[in-house]
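>>> model the structure of this input:
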Amino acid sequence: MSILDLMLAKKSYKELDLNTHISLKNKYVFFQVSKVASSTVKDFLQNMEVKGTSRRVIDVNNRYVSPHIWPSQLNESDFLSIIDDDSFNKISFVRNPYARILSCYLHRIVKDVSSPSNKWLSKYTGGLCGPNISFSDFAQVISEQESIQQESHWRRQSDEIFYNIIKNWCFIGRFESLSQDLNKVQLIINGNNTSSQESKLSGKDNFSPMTTKASSKLNEYYDDKTQELIYNSYLSDFKNFGYSKEL
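Okay, the predicted model is just below:
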């Protein structure tokens, strides 16, 4: 199987296309993970892309106006060549799986009842979604899904970024140390050309359409059964990214 075939065993080409951001200018590929401050990360990276040009960042949550290249804009061989090329830095950000799943539930399921996430969920629950589905039932449903069946906001992060398929990872930052890790990304991309002033987040620090503060609500929503469900189902994320089984 080709690398692309292995990728498409984890998620659809449409999802791969939307969430894979390629910079030919700065030679990196950013693999987006939803519910991991992805809006803030994209704003940071897109501002780096347009720096020194007459372009500006328009809307980080609208992929169609992004300065990054889509995989579908390249020939398949060129895309796979970039994936295999060590000179293109491979970058992503991850989050504690417990907090990410709860954030998804609070934002994409309970709050945004018309979200595509709710429409996707309803296919597996006979229409039960939105605030009518409890967190424990939501956790049960998604924990039983294979990654190819999951929606990107709750897909296992290891599969969302093709962690075991990409062999030349440069940097995987954490939601929990976002500012520091974004500065590391800028140093990786710009090298010694980055000044101390440039290596800082400026202005608005969070570009998410909704902040759930899920990390502070874990004990409110998780019980022993739900914690065990998520831990066992998302075990690859806990192990690959060094997160504790404890809440």
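>>> tell me where the model's unsure across the protein.
By pLDDT under 70, the weakly predicted segments of the chain are 192-210.
>>> where exactly do the strands run in the protein?
Under the criterion DSSP state E, the chain contains strands at 20-23, 28-31, 89-94, 169-174.
>>> and the third one, which residues are buried?
By that I understand strand 89-94. In terms of neighbour count (16 or more other CB atoms under 10 Å), strand 89-94 has its buried residues at 89-94. Using the backbone N, CA and C atoms, a C-beta is placed for each residue, glycine as well.
>>> got it, and the last one?
For strand 169-174, burial by neighbour count (16+ other CB under 10 Å) applies to 170-174.
>>> now those residues in JSON lines, with distance to Tyr124?
Below are these laid out as JSON lines (distance: CB to CB, whole Å):
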{"residue": "Cys170", "distance to Tyr124": "35"}
{"residue": "Phe171", "distance to Tyr124": "34"}
{"residue": "Ile172", "distance to Tyr124": "29"}
{"residue": "Gly173", "distance to Tyr124": "31"}
{"residue": "Arg174", "distance to Tyr124": "30"}
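>>> what is the nearest of those residues to Gln149?
Among the buried residues of strand 169-174, Ile172 lies closest to Gln149 (CB to CB), at 24.4 Å.
>>> so how far is Leu45 from the closest one?
To Leu45, Ile172 is 15 Å away according to CB to CB, to the nearest Å.
>>> nearest residue to the middle of this structure?
Val33 (0.6 Å; CA atoms, centre = their mean).
>>> residue contacts, it?
Contacts for Val33 (CB atoms under 8 Å, 6 or more residues apart in numbering) come out as 19, 92-95, 157, 160-161.
>>> could I get those as TSV with distance to Ser136?
Formatted as TSV, those follow (distance: CB to CB, whole Å):
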residue	distance to Ser136
Asn19	28
Ser92	29
Phe93	28
Val94	24
Arg95	21
Gln157	22
Glu160	23
Ile161	27
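>>> of the residues you listed, which pair is most distant in space?
Across those, no pair lies farther apart than Asn19 and Arg95, at 14.9 Å, counting by CB to CB.
>>> what ranges do the helices span in this protein?
Taking DSSP state H to define them, one finds helices in the chain at 3-8, 13-19, 38-50, 76-84, 97-104, 116-125, 135-143, 157-160, 178-190, 218-221, 224-233, 235-241.
>>> mean neighbour count and distance to Val57 added to these, as JSON lines?
Below are the helices of the chain laid out as JSON lines (neighbours: other CB atoms under 10 Å; distance: least, CB to CB, whole Å):
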{"stretch": "helix 3-8", "mean neighbour count": "15", "distance to Val57": "28"}
{"stretch": "helix 13-19", "mean neighbour count": "17", "distance to Val57": "18"}
{"stretch": "helix 38-50", "mean neighbour count": "21", "distance to Val57": "5"}
{"stretch": "helix 76-84", "mean neighbour count": "15", "distance to Val57": "23"}
{"stretch": "helix 97-104", "mean neighbour count": "25", "distance to Val57": "24"}
{"stretch": "helix 116-125", "mean neighbour count": "16", "distance to Val57": "24"}
{"stretch": "helix 135-143", "mean neighbour count": "19", "distance to Val57": "32"}
{"stretch": "helix 157-160", "mean neighbour count": "24", "distance to Val57": "24"}
{"stretch": "helix 178-190", "mean neighbour count": "17", "distance to Val57": "15"}
{"stretch": "helix 218-221", "mean neighbour count": "13", "distance to Val57": "33"}
{"stretch": "helix 224-233", "mean neighbour count": "16", "distance to Val57": "34"}
{"stretch": "helix 235-241", "mean neighbour count": "16", "distance to Val57": "28"}
